[in-house]
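Visitor: sequence first, predicted model second:
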Number of protein chains: 2
Amino acid sequence: MGLDLNITIVGLGLIGGSYALALRELNPKKLYAVDIDEDTIKLGEERGIIDKGFLSPEIPLKESDLVIVCIYPKSIKKFIKDNMDNFKSGAVITDTVGIKKDFAQDINSILREDIDFIFGHPMAGREFTGLGYASKEIFKGANYIIIPTERNKKENIRLIENIAKDMGFKHIEKVSVEKHDEVIGFVSQLPHVIAVSLVNSDNLEVDTGKFTGDSYRDLTRIARINTKLWTELFIGNRKNLINHIERFEKNIADIKHALINEDTEALGNILNRASKKREEMS
Amino acid sequence: MGLDLNITIVGLGLIGGSYALALRELNPKKLYAVDIDEDTIKLGEERGIIDKGFLSPEIPLKESDLVIVCIYPKSIKKFIKDNMDNFKSGAVITDTVGIKKDFAQDINSILREDIDFIFGHPMAGREFTGLGYASKEIFKGANYIIIPTERNKKENIRLIENIAKDMGFKHIEKVSVEKHDEVIGFVSQLPHVIAVSLVNSDNLEVDTGKFTGDSYRDLTRIARINTKLWTELFIGNRKNLINHIERFEKNIADIKHALINEDTEALGNILNRASKKREEMS
């Protein structure tokens, strides 16, 4: 039993490499990768992470039933455009991009009719980059979001859904592009904004690491951020993100005012509300 | 080889219980506990976590060379006052309280001359309460802060320092009460304020847990908060905490304004600064 598909992964970094490692377990017919870095391709081949790697996408794409694009959002549109004639007829493409609204519209406007792009978003990552940190474990028990568009075929959505399940994702949710970007602005982008702001607020003039407990470490782990990627994601989703920031600012201000007024009761109510909500989170 | 001391732990909850488990490994002469809950004492005795537990502190205190007080900050002053005649001459008392300035002053003002109170703060905890969650592992590799005061004897500070090392703490720092409260307001209290505010900002109308990645989970774990304890800590350190909140608000606002102005360069600089700072943290 295996996955009766030729698969090409475009971009063999942390996420692409982790996809390759997870898909390996599903025994696809062929597992190819395209990358601009020759050393990365060599490493992928030597470690048996992929069957073969290519600097030029033409050959693997012409053979591939499924293409998983794991490069920076802005590079994807160009990649799809440049390779429009290289995709196999009936091919399914999917991605891992963190914001979808404009992106999906842009991609759909240039796609060949016989190709189906299923927009996907694995809620998994690491604070490091590159194939060296790739691991299939990052997907185990994680959430996966599918963002169906009108032109998607049902069987292709089902294919991506089944592969995600087999890769170890725990929950698979389907939402509109608008809802996706709103939700992601809150559960992913706002936490990164907060972690960065917390680290940048450190003016203690001590060796902070020698005073921290787990809480500061947990809250700032993601402040070790890929600036290029996240600047692009933040700016691309700025309307949602600004809304979320303003709601968060309001909640912070509520605590500050309770402290200024020494209002133990108001403070207790705020803490109880959060504690109950967090406890109930699935 | 063992620890040539009789030890009493006052309050056998998460922290007191974890202390007991960690101290067990150091083979003290006797390891006692005082708790107001009979079932907790029974559990501690049955599991061999302590040699003997007491509802009334008099007997164990009269025998104890070291007393570790692990009850709520406000209860400690009353406990010390009520038991002033019960402490053994030359006894060393230490605590685990999260704020020190007023607390240390209050305690020092009522202490018998022949007793030495070494103020300590283990930077370890869990988002659960009670002996059932106690574990000696929470101290392994953690930070420990000693807050010496003028009346402390050097050999007693050294005793507490050595015990902390033997319990598995990695770094032991000594700071003044003022610096302690300033630093703790930032590395511990501000993260709790942020986690609570983030959870309370959730207005998504989806099952949030099905969309989160690790970042949201990490940033909100501590929102499952012990309201009684943290309300006391926040209010008790409100001046420092308000300062930290305001600096954090400024950093959040800087990101918001970069987003409003679509200022990719400013945003990139903010992200780079945080990333570098976090990477350099020991």
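Guide: Done, it's in. Numbering: from 1, shown residues only, chains lettered A, B, ... in the order given.
Visitor: which parts of stretch A:60-69 are buried?
Guide: Using 16 or more other Cβ atoms under 10 Å in any protein chain shown as the test for burial, stretch A:60-69 gives A:60-61, A:64-69. In short, each C-beta sits where N, CA and C put it, glycine included.
Visitor: list the contacts of it.
Guide: With contact meaning Cβ atoms under 8 Å, 6 or more residues apart in numbering or on different chains, stretch A:60-69 is reached by A:5-11, A:16, A:19, A:30, A:32-34, A:52, A:54, A:76, A:79-80, A:83, A:86-88, A:90-96, A:159, A:163.
Visitor: list just the nearest of the buried residues of stretch A:60-69 to chain B.
Guide: Checking the buried residues of stretch A:60-69 against chain B by Cβ to the nearest Cβ gives A:Ile68 as the nearest, at 18.3 Å.
Visitor: using the three-state scheme, assign the closest residue to the closest one other than its chain neighbours.
Guide: Leaving out its chain neighbours, the residue that sits closest to A:Ile68 by Cβ to Cβ, 6 or more residues apart in numbering or on different chains is A:Ile9, at 5.0 Å. When classified by DSSP: H, G, I helix; E, B strand; the rest coil, A:Ile9 comes out as strand.
Visitor: need the pLDDT of A:Ile9.
Guide: As predicted, A:Ile9 sits at a pLDDT of 98.
Visitor: contact residues of the stretch 1-150 of chain A facing chain B?
Guide: The stretch 1-150 of chain A comes close to chain B at residues A:123-125, A:142-143, A:145, as judged by Cβ under 8 Å from any Cβ of the partner chain.
Visitor: and those, which two are furthest apart?
Guide: Within the residues of the stretch 1-150 of chain A next to chain B, two members stand farthest from each other by Cβ to Cβ: A:Gly125 and A:Ile145, at 13.5 Å.
Visitor: between the biggest helix by length in chain A and helix B:238-260, how many degrees?
Guide: Counting residues, the longest helix found in chain A (DSSP state H) is helix A:238-260. Interaxial angle, helix A:238-260 versus helix B:238-260 (axes from the mean of the first three to the mean of the last three Cα atoms, to 10 degrees): 170 degrees.
Visitor: which helices and strands does helix A:238-260 pack with?
Guide: Packed against helix A:238-260 by the contact rule (3 or more Cβ pairs under 8 Å, 6 or more residues apart in numbering or on different chains; DSSP states H and E) you find helix A:177-184, helix A:190-200, helix A:264-280, helix B:190-200, helix B:227-236, helix B:238-260.
Visitor: one more pass at 7 Å, please.
Guide: The helices and strands touching helix A:238-260, judged by 3 or more Cβ pairs under 7 Å, 6 or more residues apart in numbering or on different chains; DSSP states H and E, are helix A:190-200, helix A:264-280, helix B:190-200, helix B:238-260.
Visitor: neighbours of the residue nearest to A:Ile68, how many?
Guide: Neighbour count of A:Ile9, defined by other Cβ atoms under 10 Å in any protein chain shown: 30.
Visitor: bridging residues for it?
Guide: In this entry, A:Ile9 is beta-bridged to A:Ala33, A:Ile68, by DSSP bridges.
Visitor: which residues of the stretch 151-282 of chain A score low on pLDDT?
Guide: For the stretch 151-282 of chain A, no stretch has pLDDT under 70.
Visitor: who's in contact with the residue of the stretch 1-150 of chain A with the smallest separation from chain B?
Guide: With Cβ to the nearest Cβ, the shortest gap between the stretch 1-150 of chain A and chain B falls at A:Met123, namely 3.8 Å. Contacts for A:Met123 were tallied using Cβ atoms under 7 Å, 6 or more residues apart in numbering or on different chains; they are A:142-145, B:211-213.
Visitor: what residues are up against A:Asp116?
Guide: A:92, A:152-153, A:156.
Visitor: equivalent analysis for A:Arg273, please.
Guide: Contacts for A:Arg273 were tallied using Cβ under 7 Å, 6+ apart; they are B:Asn200.
Visitor: so where's the stretch 1-150 of chain A uncertain?
Guide: Checking the stretch 1-150 of chain A against pLDDT under 70 turns up A:1.
Visitor: show me where it has strands.
Guide: Under the criterion DSSP state E, counting those that start in this stretch, strands of the stretch 1-150 of chain A are mapped to A:3-10, A:28-34, A:52-54, A:66-69, A:92-95, A:116-122, A:143-147.
Visitor: so how far is B:Arg238 from the closest residue to A:Ile49 other than its chain neighbours?
Guide: Leaving aside its sequence neighbours, A:Ile49 sits nearest to A:Ala20 (Cβ to Cβ, 6+ apart; 4.9 Å). With distances taken as Cβ to Cβ, to the nearest Å, A:Ala20 is found 52 Å from B:Arg238.
Visitor: which one of the two is surrounded by more residues?
Guide: Relative neighbour count places A:Ala20 above the other of A:Ala20 and B:Arg238, with 28 against 21, counting by other Cβ under 10 Å.
Visitor: surely that one and A:Ile9 touch.
Guide: Yes. Between A:Ala20 and A:Ile9 there is a contact under Cβ atoms under 7 Å: 5.4 Å.
Visitor: now the common contact residues for those two.
Guide: Common neighbours of A:Ala20 and A:Ile9 are listed as A:Ala33 (criterion: Cβ under 7 Å, 6+ apart).
Visitor: re earlier: redo the contacts of A:Asp116 as CSV? Include secondary structure and neighbour count.
Guide: Output for those, formatted as CSV (DSSP: H, G, I helix; E, B strand; the rest coil; neighbours: other Cβ atoms under 10 Å in any protein chain shown):
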residue, secondary structure, neighbour count
A:Val92, strand, 25
A:Asn152, coil, 18
A:Lys153, coil, 12
A:Asn156, helix, 19
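Visitor: nearest to chain B among the residues you listed?
Guide: Proximity of the contacts of A:Asp116 to chain B (Cβ to the nearest Cβ) peaks at A:Asn152, which lies at 20.0 Å.
Visitor: who are the contact partners of the closest one?
Guide: Per Cβ under 7 Å, 6+ apart, neighbours of A:Asn152: A:116, A:118.
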